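Enquirer: just to be clear, the model below is a prediction. Sequence and coordinates:
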Amino acid sequence: MTTPNGHSDASSPTGTDKGAQEKLMLQDGAAATAPSVEFKETSSKLCCLPPCRLVFALMGFFCFFNLYALRVNLSVALVSMINISYMAQLEAEHAELSNATIYTDSVVCEVDGPNSTATAAHSDGPFKWDTYQQGIVLGSFFYGYIFTQLPGGILAEKFGGKLVLLIGIAWTAILTLFTPLIAEVGDFAGIIVIRILEGFGSGVAFPAMHVMLSSWAPPLERGRMATFVYAGAQIGTVVTMPVSGVLCQYVSWQSVFYVFGTLGVVWSVLWVFLVYDKPSTHPRISNGERLYIETSQGQAKGEAKMKLPWLKMAKSPAVYALMMGNFAHNWGNFFLLTVSPQFLRFILKFNMQNSGAVAGAPYLTMWFGMLLGGTVTDFIISRRYMSVTYVRKLFVIVGLGGPAVCIVATGYVNCETAVAVVLLVFSGLLLGLSWGGWGVNHLDIAPPFAGTLFGITNCISTIPGFVAPAVVGALTYRNQTRQAWRIAFYITGAVHIFGTAVFLILGSGNRQKWSIPETKGEDAEAPIPLKAKNEEEVEDRKDTDDANSK
């Protein structure tokens with residue numbers, strides 16, 4: 001039971017026994033006192049308001065919901081923006097070449113339902129862009145996205161993640177509102193420019209959020225909070241794809257950008273008033289919740305003034321483990337969500353007109369996997385079943401090694417479309433689980449530099465957004481056969497296995513010594529310190545310290 005001021009009522013059935021001391025293994029052979037507080041156990045200073053870190057987590061979730069809605073809406077709207085008659089004319093001109101080179105496999109599947117190139121259900125859009133130009137339009141976002149990963153983390157650590165995220169999302173939302181106008185005026189060049197600019201704004205989101213999580217997430221809630229926040233990206237995709245389709249069909253393609261751009265602006269306004277950079281700067285947080293978060297993290301006064309140890313980071317094996325874990329995950333993610341539909345269409349002859357559920361299913365299972373991974377990792381760590389290092393490595397094995405097996409197996413499916421879809425959807429679930437390994441690990445090894453560190457690893461892992469589709473395109477150009485696709489599947493599996501191996505060898509769940517303020521006098525890797533069980537004990541200790549000081 002929680003009182004209005006945020007303290008636990010020890011007389012209630014839910015009260016915490018002060019005599020119990022729960023120990024947590026945070027590194028091999030090291031133990032510290034573990035807090036057992038959940039989101040529901042605290043409240044803000046104002047009665048009936050939820051804990052401030054829960055409000056932060058919810059707003060973070062919708063941050064990434066909006067971020068991915070603003071990113072993927074074009075993928076659906078583009079179908080209605082393209083002049084279908086022009087595309088049909090191009091296909092007719094190349095029909096002879098296509099018939100001679102596209103379907104040359106020894107096992108040819110029958111077409112599943114109406115041909116996906118049928119145009120009767122679509123009205124002509126205004127833009128005459130061929131498939132190559134469409135690919136450039138869809139990929140242009142990442143040309144801007146890759147350049148603001150590292151600056152996003154550095155700026156967030158210097159000026160605060162709240163401001164950086166606000167500018168990034170608001171910038172992207174406003175540009176989205178102007179997308180129809182720019183596209184109509186500037187045509188192909190105009191849409192390319194505005195998508196690059198949107199990428200610039202969106203690129204700061206992940207590293208800036210990692211900075212804020214390092215301040216708001218108590219260690220034993222770290223997995224759940226981080227995966228919950230980032231799972232907003234998957235739900236945003238699941239919701240945006242069908243909603244954009246409905247808007248295109250019953251309203252207009254322009255409405256897609258107006259609706260999701262407006263949602264981004266609304267979120268930006270709420271973000272200004274509801275979220276703060278740190279518990280210490282939040283005006284409505286209870287003393288119990290603030291002290292609990294800060295004490296459980298073992299925050300040191302010198303952390304805010306620490307300089308980025310670039311050279312030490314560059315020499316740290318744990319950083320390279322993170323880099324490869326993130327890279328392998330993103331390769332599988334881009335392959336699964338942007339490339340595999342081509343395999344379903346050209347090899348298995350899947351009916352793409354009714355593929356909305358199939359296109360969203362991997363995102364949905366990935367979302368579930370992220371939440372499951374965060375919850376299970378926190379549970380294992382809190383129960384001392386494994387050290388943080390072993391837990392992170394276990395979930396990388398399952399979350400990256402598992403999809404490698406599923407994706408390679410997909411290449412050996414004959415014409416069983418349902419089997420292929422199940423394998424791809426299950427791959428999405430496992431990729432989500434990997435967030436409980438490499439995704440949260442930035443916060444384990446270097447809390448003060450989590451944003452910059454994520455910016456570095458995410459910058460490198462944006463490369464698969466360009467490379468994976470290009471590799472598949474080169475392998476299957478005028479050669480849409482199972483043999484060609486199996487090579488693509490093997491490459492993806494190999495990237496996953498390599499990323500898993502690097503993380504197993506170099507990865508660590510311990511805080512690295514270069515991320516610890518020198519005032520602590522630490523000369524070796526240290527565990528994340530957890531000093532209090534709950535908010536009530538934190539305040540009791542503070543009162544005792546104050547009395548002793550007097």
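Expert: Ah, there it is.
Enquirer: C-alpha only now, for contacts and for neighbours.
Expert: OK.
Enquirer: spatially central residue for the chain, please.
Expert: Tyr230 (4.5 Å; CA atoms, centre = their mean).
Enquirer: Phe64 is in contact with that one, correct?
Expert: Yes: at 6.3 Å, Tyr230 counts as touching Phe64 under the criterion of CA atoms under 8 Å.
Enquirer: so who does the residue nearest to the centre of the chain touch?
Expert: By CA atoms under 8 Å, 6 or more residues apart in numbering, Tyr230 lies in contact with 60-61, 64.
Enquirer: rerun at 7 Å
Expert: By CA atoms under 7 Å, 6 or more residues apart in numbering, the contact list for Tyr230 reads 61, 64.
Enquirer: let me know the pLDDT of it.
Expert: pLDDT for Tyr230: 90.
Enquirer: check Thr457 too.
Expert: In this model, Thr457 carries a pLDDT of 90.
Enquirer: do the same with the one 10 residues further on
Expert: At Val467 the predicted local distance difference test score is 81.
Enquirer: okay, buried residues for whichever strand or helix holds it please.
Expert: Using DSSP states H and E, Val467 sits in helix 464-476. Going by neighbour count (16 or more other CA atoms under 10 Å), the buried part of helix 464-476 is 464-465, 468-469, 472, 475-476.
Enquirer: ok, so of the residues you listed, who is nearest Ala409?
Expert: Val472 (16.9 Å; CA to CA).
Enquirer: who touches that closest one in this structure?
Expert: Taking CA under 7 Å, 6+ apart, one finds Ala488 in contact with Val472.
Enquirer: how close does it get to Gln480?
Expert: 10 Å (CA to CA, to the nearest Å).
Enquirer: quick one on the thing from earlier: from the chain's centroid, how far away is the helix holding Val467?
Expert: Relative to its chain's centre, helix 464-476 lies at 22 Å (CA atoms, centre = their mean, to the nearest Å).
Enquirer: which residues touch stretch 181-189?
Expert: By CA under 7 Å, 6+ apart, the list of residues contacting stretch 181-189 reads 190-191.
Enquirer: hmm, back to that, for the following helix or strand past the helix holding Val467, which outside residues touch it?
Expert: Using DSSP H and E, the helix or strand that follows helix 464-476 towards the C-terminus is helix 482-506. Residues outside helix 482-506 that contact it (CA under 7 Å, 6+ apart): 105, 317-318, 321-322, 324-325, 328, 332, 347, 393, 396-397, 400-401, 404-405, 407-408, 411, 472, 475-476.
Enquirer: quick one, what contacts the nearest residue to Ser85 once chain neighbours are set aside?
Expert: The shortest distance from Ser85 to any non-neighbouring residue, by CA to CA, 6 or more residues apart in numbering, is to Asp124 (6.5 Å). Applying CA under 7 Å, 6+ apart to Asp124 gives the contacts 82-85.
Enquirer: one more time with 10 Å
Expert: 79-87 (CA atoms under 10 Å, 6 or more residues apart in numbering).
Enquirer: do Met370 as well
Expert: Met370 touches 223-224, 226-231, 234, 399, 428-436, 439, counting by CA under 10 Å, 6+ apart.
Enquirer: among these, name the ones in strands.
Expert: Residues of the contacts of Met370 located in strands (DSSP state E): none.
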